[in-house]
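Asker: make a model of this:
(one chain, ligands or ions: 2)
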Amino acid sequence: MLTLRVRETMSEFDYDLIIIGAGVGGHGAALHAVKCGLKTAIIEAKDMGGTCVNRGCIPSKALLAASGRVRELADSDHLKSLGIAIGGVNFDRPTIADHANNLVSKIRGDLTNSLKRLKVDTIHGWGKIAGPQKVSVIGDSGEKIYTAKDIMLCPGSVPFVPPGIEIDHKTVFTSDEAVRLETLPKWIAIIGSGYIGLEFSDIYTALGCEVTMIEALDSLMPGFDPEISKIAERVLIKPRDIETYVGVLAKSIKPGNPVAIELVDAKSKEAIEILEVDACLVATGRIPATKNLGLEFVGVELDKRGFIAVNDKMQVIQSGEPVPHLWAVGDATGKMMLAHAASGQGVIAIENICNRPKTIDYRSIPAAAFTHPEISYVGLTEPQAEALAQQEGYKVASVKTYFKGNSKALAEGETEGIAKVVYRQDTGELLGVHIIGIHASDLIQEAANAIAERQSVHELAFRIHTHPTLSEVLDEAYKRAEVAA
Ligand SMILES: Cc1cc2nc3c(=O)[nH]c(=O)nc-3n(C[C@H](O)[C@H](O)[C@H](O)COP(=O)(O)OP(=O)(O)OC[C@H]3O[C@@H](n4cnc5c(N)ncnc54)[C@H](O)[C@@H]3O)c2cc1C
Ligand SMILES: NC(=O)c1ccc[n+]([C@@H]2O[C@H](COP(=O)([O-])OP(=O)(O)OC[C@H]3O[C@@H](n4cnc5c(N)ncnc54)[C@H](O)[C@@H]3O)[C@@H](O)[C@H]2O)c1
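Answerer: Residues are numbered from 1 along each chain as shown. Ligands and ions are numbered 1, 2, ... in the order given. Alright, predicted model coming up:
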């Protein structure tokens, strides 16, 4: 059946599927498309692997790994409590930067080869829709038109720089430059306390920089469950060389030596002060890279914020209706700006293209900040769960367990942190799990799997966990919830 279908489309179109953008969204979709027997091409204008591989997850995690070791080895009290004494720790900034750059090259090479091996055609150039089932690519040798039964848009996102902020890429820069770690400024301001602000404050402070963090909203790390944000502030901010401003807007930033940052009250817009620092990282969110995609040739308009509207099957939507043979995944859809969400959406789109209807379940997609210790979550925060419960007419409960009560955490001497489980009081259904503590990014997966299955704490409390492991922090939480429910 499948072979016949592919042969039919091959006679009619150049490809079964053309993907625009070879980030993790496009790459994940391409791998799955080949498994489904689709003749596939992927178009990339810049670097294979997109943001995650070249300017995002990969280099930032390499920097966090190296700077995390420095932090650990510099913590003489912690080492002493384990009976270890070392004579100080030295590091070499360029070698740490090389570690990140080399990892980027390796992973970009692996990703490119994986597409070659699977006979996915890689086309370099700017891809855009030229009409229904038609794509134009402008590359070094001019414009070429290709036809495809289905087209998938995966153009990703770029850093958002608020008006008034001038970027010179040297003294005032975004994560695109920060991941290269070309300097270690003595004093750096970080605008925004989201994922990037938090991860880079971890890197910079471990490597001896003084940080000033400026957040426009009323609390730091506003995206996390409020209880987790509070603990994160106590563990990741207060004990470190980090000064914070909340409810404060960076109204203008002028690059130079020093960098001048005009701070105003976020609500009243009253002037606060001019801050002078050595450098500034602007980490104020990301915007979709959706300009010049030729959407007008198929009558599609972007939403108000510039995202491509999609349904849960990843079909592009116009006026509430799916546009035939047009799909979009990844950051450009504005759902969850995470690498695994992008590739997960890609897989869902391919399943639907192959007539195996599937929808994406955002509730069960986990997220993590790779700080020391880490933060992770899946599902709803407690305030989100409360709001939903009020609409749907049930009550929400939550329980907490502490890393300081866990044998493995005690053995490691890493006892900061909690796991918080949010669930429906009537059925025990797990609604959200939030963790801050050592290896939180790995611990969250079992909760994500449980939420995907809409499991209840009544079932989860009977799952046997290995002893002694950090996973018992969650085991204990499920057991407490089962008793309380
Ligand atoms: C500093 C940083 C750290 C991050 N860390 C993590 C992390 O630890 N975990 C995590 O899950 N996520 C992380 N993210 C987020 C993650 O990188 C993104 O969610 C992910 O890269 C989105 O993938 P995508 O395929 O949608 O888009 P992108 O990765 O942005 O890829 C889009 C690609 O499309 C190309 N393109 C765009 N338009 C066209 C066109 N018209 N023609 C041809 N090519 C085009 C672009 O050049 C680009 O290569 C991080 C992001 C940053 C910035
Ligand atoms: N570990 C991870 O998974 C990871 C790591 C890094 C980035 N990312 C992804 O990249 C995206 C971008 O990260 P981010 O940290 O830039 O965005 P973010 O949306 O997480 O945080 C941006 C913060 O900046 C604040 N802000 C905006 N304008 C401001 C101003 N003028 N002055 C002061 N504060 C201001 C916002 O209130 C917000 O708290 C995230 O959405 C995330 O999905 C993920």
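Asker: please enumerate the helices of the stretch 151-300 of the chain.
Answerer: Along the stretch 151-300 of the chain, the stretches classed as helices by DSSP state H, counting those that start in this stretch are 175-178, 195-206, 226-232.
Asker: can you say which of those is nearest to I444?
Answerer: When those are compared by C-beta to C-beta, helix 226-232 sits nearest I444, at 11.9 Å. Quick note: C-beta positions are derived from backbone N, CA and C, even for glycine.
Asker: give the buried residues for that closest one.
Answerer: Buried positions in helix 226-232, judged by neighbour count with 16 or more other C-beta atoms under 10 Å: E227, I228, S229, I231, A232.
Asker: quick revisit: present the helices of the stretch 151-300 of the chain as CSV; the columns should include mean pLDDT and distance to A266.
Answerer: Putting these into CSV (pLDDT from 0 to 100; distance: least, C-beta to C-beta, whole Å) gives the following:
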stretch, mean pLDDT, distance to A266
helix 175-178, 98, 22
helix 195-206, 98, 15
helix 226-232, 96, 17
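Asker: so which of those is nearest ligand 2?
Answerer: Nearest to ligand 2 among the helices of the stretch 151-300 of the chain is helix 195-206; the distance by C-beta to the nearest ligand atom comes to 3.4 Å.
Asker: what's next to the closest one, contact-wise?
Answerer: By C-beta atoms under 8 Å, 6 or more residues apart in numbering, the surrounding residues in contact with helix 195-206 are 60, 63-64, 67-68, 70-71, 74, 175, 178, 181, 184, 188, 190-191, 211, 213, 215, 221, 223, 232, 236-237, 240-242, 281, 283, 369-372, 375.
Asker: the same query, at a cut-off of 7 Å, please.
Answerer: Helix 195-206 is contacted from outside by 60, 63-64, 67-68, 70-71, 175, 178, 188, 190, 211, 213, 221, 236, 240-242, 281, 283, 369-372, using C-beta atoms under 7 Å, 6 or more residues apart in numbering.
Asker: next: stretch 175-191.
Answerer: Residues outside stretch 175-191 that contact it (C-beta under 7 Å, 6+ apart): 55, 59-60, 63, 93, 96-97, 100, 159, 169, 196-197, 200-201, 204, 207-214, 250, 261, 275, 277-284.
Asker: how far does it stretch from start to finish?
Answerer: Stretch 175-191 has an end-to-end distance of 11 Å (C-alpha to C-alpha, to the nearest Å).
Asker: can you point out the buried residues in it?
Answerer: Residues 175, 177-181, 183-185, 187-191 are the ones in stretch 175-191 that count as buried (16+ other C-beta under 10 Å).
Asker: may I have stretch 154-168 as PDB, with CA atoms only?
Answerer: Extracted as PDB, the C-alpha positions of stretch 154-168 are listed here (Å, rounded to 0.1, in the frame of the first residue of the first chain):
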ATOM      1  CA  CYS A 154      10.000  24.700  10.400                       C
ATOM      2  CA  PRO A 155      11.700  28.200  10.300                       C
ATOM      3  CA  GLY A 156      12.200  28.500  14.100                       C
ATOM      4  CA  SER A 157      12.800  31.600  16.000                       C
ATOM      5  CA  VAL A 158      15.400  34.400  16.700                       C
ATOM      6  CA  PRO A 159      16.200  36.400  19.900                       C
ATOM      7  CA  PHE A 160      13.700  39.200  20.700                       C
ATOM      8  CA  VAL A 161      15.400  42.500  21.300                       C
ATOM      9  CA  PRO A 162      13.000  45.100  22.800                       C
ATOM     10  CA  PRO A 163      13.000  48.500  21.200                       C
ATOM     11  CA  GLY A 164      15.500  50.900  22.700                       C
ATOM     12  CA  ILE A 165      18.100  48.200  23.200                       C
ATOM     13  CA  GLU A 166      21.100  48.400  20.800                       C
ATOM     14  CA  ILE A 167      23.100  45.300  20.200                       C
ATOM     15  CA  ASP A 168      26.700  45.600  19.100                       C
END
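Asker: before we move on, back to that, including distance to ligand 1, could the buried residues of stretch 175-191 go into TSV?
Answerer: Output for these, formatted as TSV (distance: C-beta to the nearest ligand atom, whole Å):
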residue	distance to ligand 1
S175	4
E177	11
A178	7
V179	6
R180	11
L181	12
T183	17
L184	17
P185	18
W187	21
I188	15
A189	17
I190	12
I191	14
